[in-house]
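K.L.:
I would like the atomic coordinates for the input below:
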Amino acid sequence: MKAHAYVKALLQYGVAQRLFAPVDWFYVQHRLMALLGLAEMPAEVAPLEPFGFGQVQTLLDAMCDDAIARGVLAPCGVAGRDIFDSALMDCLMARPSEVQARFERLNAQSAQLATDDYYHLARASNYVRLARVAKNIKWTWRGQFGVLDMTVNLSKPEKDPAQIAAARSAAAVEYPKCLLCRENEGYAGRLDHPARQNLRLIPLRLNGDEDWFLQYSPYEYFNEHCIVLKAEHEPMTIGAHTFVRLLDFVAQFPHYFMGSNADLPIVGGSILSHEHFQGGRYDFAMANAAVLDGASMTRHAKVRMQMLHWPMSVLRLLSADKEALQAAASDVLAQWRAYSDERVDVVAHSAGTPHNTITPIARHRNGGFELDLVLRNNRTSPAHPLGIFHPHEVLHHIKKENIGLIEVMGLAVLPDRLAGAMAQMAACLRGECAFEVLPELAAHGAWFAQIAARYDAQMDALAYVQHEVGAVFEQVLCDAGVFKQDAAGLAAFRRFVAQINGVVDE
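P.N.:
Reported below is the predicted structural model:
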């Protein structure tokens with residue numbers, strides 16, 4: 001019977017990946033058998049080829065198919081299968097308290113050792129869904145600000161019609177309150193909420209005695225892409241406490257950066273209802289951006305401030321003194337919240353509504369701490385109803401969504417609709433079809449005409465289209481920049497820096 005061979009293969013995988021100890025073999029086997037509706041396990045089972053954690057989804061898919069064929073699992077879409085295969089993986093995993101204790105033991109030796117082990121657990125348990133992440137289209141683009149990372153996000157599963165219909169008819173459930181609440185740990189999931197049986201959280205203390213948790217992103221955008229979430233379900237806010245928390249984290253885990261989305265609509269992230277940060281072990285282009293100006297801060301002698309050559313407006317604060325850095329960042333934030341310069345469309349408030357905020361990123365580098373403060377403004381206008389400092393309408397055929405933390409740093413997260421569109425446009429460039437007969441490409445018409453005029457038949461057509469998309473993303477970041485990287489914009493940026501240092505603009 002195939003089901004028995006699958007169980008044995010998954011057991012072998014679990015031992016090989018250190019998800020459970022060999023002594024727990026029969027305990028884990030019986031949990032799997034119960035889920036799969038198996039009454040017995042033959043003494044001899046034909047072995048399957050070993051699976052690494054990059055291929056375990058293939059085994060889980062086969063187990064789901066077999067369970068459906070035997071009537072153990074009802075025919076279902078992606079969400080139903082995710083619920084079932086997460087339950088299978090949970091059978092192999094230790095309880096949260098055991099995972100946390102192991103993390104603490106390793107962390108006492110080395111923070112990097114602890115996160116390496118925890119990251120392995122997240123991937124080996126299929127919580128980080130590597131098979132789906134591998135579907136993402138990735139390339140790089142070198143522009144005037146460095147090498148930008150480009151991705152088309154294909155990893156998050158699309159809802160099938162049956163799932164949508166079932167979710168519509170199901171009773172409304174408001175538990176957990178959101179995708180980031182700690183109550184997700186071990187939650188079975190439902191058609192409108194992802195399965196989290198194989199999630200294990202690591203408790204942290206930030207800002208003195210605040211309870212936070214560490215986990216990895218199930219659809220990671222970069223290496224060791226992690227999420228740090230507050231224990232309480234509280235809305236995101238940017239304030240002095242933000243800098244304390246971020247610097248506390250990188251002091252504990254100096255091999256990771258950590259940042260926060262902004263706390264206002266348009267310039268914020270997709271989840272503003274729950275306080276959280278994102279970070280990981282990756283060098284973004286912004287981290288290595290050239291420095292335009294740099295000097296010690298007048299009011300904070302222990303802190304050096306730099307203006308970066310980056311399409312968005314970034315002030316980098318550096319200091320070996322964490323407390324001095326926190327105070328300086330709080331000063332910059334307070335001044336930016338109230339700052340207006342109508343010469344460059346910066347207005348702090350409209351009818352009492354605040355517009356200025358910051359996207360902050362913290363690092364521990366070169367023996368000291370640094371905070372990148374990305375200045376954001378979410379004001380709209382009749383010409384730019386989605387945001388003056390937001391991708392302008394002419395770019396919406398490529399990118400219309402908010403520019404959050406990850407993209408601020410130089411990694412494009414482009415919508416899945418572009419995967420097919422780029423392939424079709426490449427085919428048009430190769431003369432395999434006519435652009436005019438593909439109505440789904442109509443939104444790209446003016447842009448495609450421009451890039452087609454520059455295309456050389458000797459070029460790789462798809463690589464060329466991707467290159468041109470990279471150029472659009474750089475312009476997206478330029479649109480989102482409050483102070484533009486031109487003479488007028490840099491002059492305005494320096495006026496703000498002068499005010500920070502106590503020099504009043506006449």
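
K.L.:
quick one, strands of the stretch 101-250 of the chain?
P.N.:
Assigned by DSSP state E, counting those that start in this stretch, the stretch 101-250 of the chain shows strands spanning 137-143, 146-152, 202-206, 210-216, 226-230.

K.L.:
mind checking which of these is nearest residue 443?
P.N.:
strand 146-152 (15.9 Å; C-beta to C-beta). C-beta: built from backbone N, CA, C; applies to glycine.

K.L.:
what's around residue 428, how many residues?
P.N.:
21 (other C-beta atoms under 10 Å).

K.L.:
hmm, I typed the wrong one, I wanted residue 416.
P.N.:
Neighbours around residue 416, by other C-beta under 10 Å: 16.

K.L.:
need the per-residue pLDDT for it.
P.N.:
Looking at residue 416, its pLDDT reads 94.

K.L.:
can you tell me the closest non-neighbouring residue to it?
P.N.:
residue 154 (5.3 Å; C-beta to C-beta, 6 or more residues apart in numbering).

K.L.:
can you report how many residues lie near the one you found?
P.N.:
Residue 154 has 18 nearby residues by other C-beta under 10 Å.

K.L.:
likewise for residue 351?
P.N.:
4.

K.L.:
likewise the one 5 residues further on?
P.N.:
Burial measure for residue 356: 24 neighbouring residues, criterion other C-beta under 10 Å.

K.L.:
right, and it touches residue 334 too?
P.N.:
No: the pair residue 356 / residue 334 is not scored as a contact, 10.4 Å apart, by C-beta atoms under 8 Å.

K.L.:
am I right that the residue nearest to residue 416 is in contact with residue 136?
P.N.:
Yes: counting by C-beta under 8 Å, residue 154 sits close enough to residue 136 to count as a contact (5.3 Å).

K.L.:
from the contact counts, what lies against whichever helix or strand residue 453 is part of?
P.N.:
Per DSSP states H and E: residue 453 is located in helix 445-454. On a contact count with 3 or more C-beta pairs under 8 Å, 6 or more residues apart in numbering; DSSP states H and E, helix 445-454 meets helix 417-429, helix 461-480.

K.L.:
and the last one, how far out from the chain middle?
P.N.:
Taking the mean of its C-alpha atoms, helix 461-480 sits 20 Å from the chain's own mean (C-alpha atoms, centre = their mean, to the nearest Å).

K.L.:
export that helix as PDB, just CAs?
P.N.:
Taking Å, rounded to 0.1, in the frame of the first residue of the first chain, the C-alpha atoms of helix 461-480 are listed here in PDB:
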ATOM      1  CA  ALA A 461      13.700  39.000 -25.400                       C
ATOM      2  CA  LEU A 462      12.600  37.900 -21.900                       C
ATOM      3  CA  ALA A 463      15.800  39.200 -20.200                       C
ATOM      4  CA  TYR A 464      15.300  42.500 -22.100                       C
ATOM      5  CA  VAL A 465      11.700  42.900 -20.800                       C
ATOM      6  CA  GLN A 466      12.900  42.100 -17.300                       C
ATOM      7  CA  HIS A 467      15.700  44.700 -17.600                       C
ATOM      8  CA  GLU A 468      13.100  47.300 -18.600                       C
ATOM      9  CA  VAL A 469      10.800  46.300 -15.700                       C
ATOM     10  CA  GLY A 470      13.800  46.900 -13.500                       C
ATOM     11  CA  ALA A 471      14.100  50.500 -14.800                       C
ATOM     12  CA  VAL A 472      10.500  51.000 -14.000                       C
ATOM     13  CA  PHE A 473      11.000  49.800 -10.400                       C
ATOM     14  CA  GLU A 474      13.800  52.300 -10.000                       C
ATOM     15  CA  GLN A 475      11.400  55.100 -11.100                       C
ATOM     16  CA  VAL A 476       8.800  53.700  -8.700                       C
ATOM     17  CA  LEU A 477      11.300  54.300  -5.900                       C
ATOM     18  CA  CYS A 478      12.100  57.800  -7.200                       C
ATOM     19  CA  ASP A 479       8.300  58.600  -7.200                       C
ATOM     20  CA  ALA A 480       8.100  57.500  -3.600                       C
END
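
K.L.:
contacts for that helix, please.
P.N.:
139-141, 143-145, 148, 150, 267, 310-312, 376, 389-392, 395, 398-399, 403, 407-408, 410, 412, 414, 418, 422-423, 425-427, 429-430, 447, 451, 455, 484-485 (C-beta atoms under 8 Å, 6 or more residues apart in numbering).

K.L.:
try it again at 6 Å.
P.N.:
Outside of helix 461-480, the residues within contact range by C-beta atoms under 6 Å, 6 or more residues apart in numbering are 139, 141, 143, 150, 311-312, 389, 391-392, 395, 398-399, 403, 412, 422, 425-426, 429-430, 451.

K.L.:
mean confidence score for it?
P.N.:
Here helix 461-480 scores 98 as its mean pLDDT.

K.L.:
phi and psi next, for residue 153.
P.N.:
As for residue 153, its main-chain torsions (degrees, to the nearest 10) stand at phi -80, psi 110.
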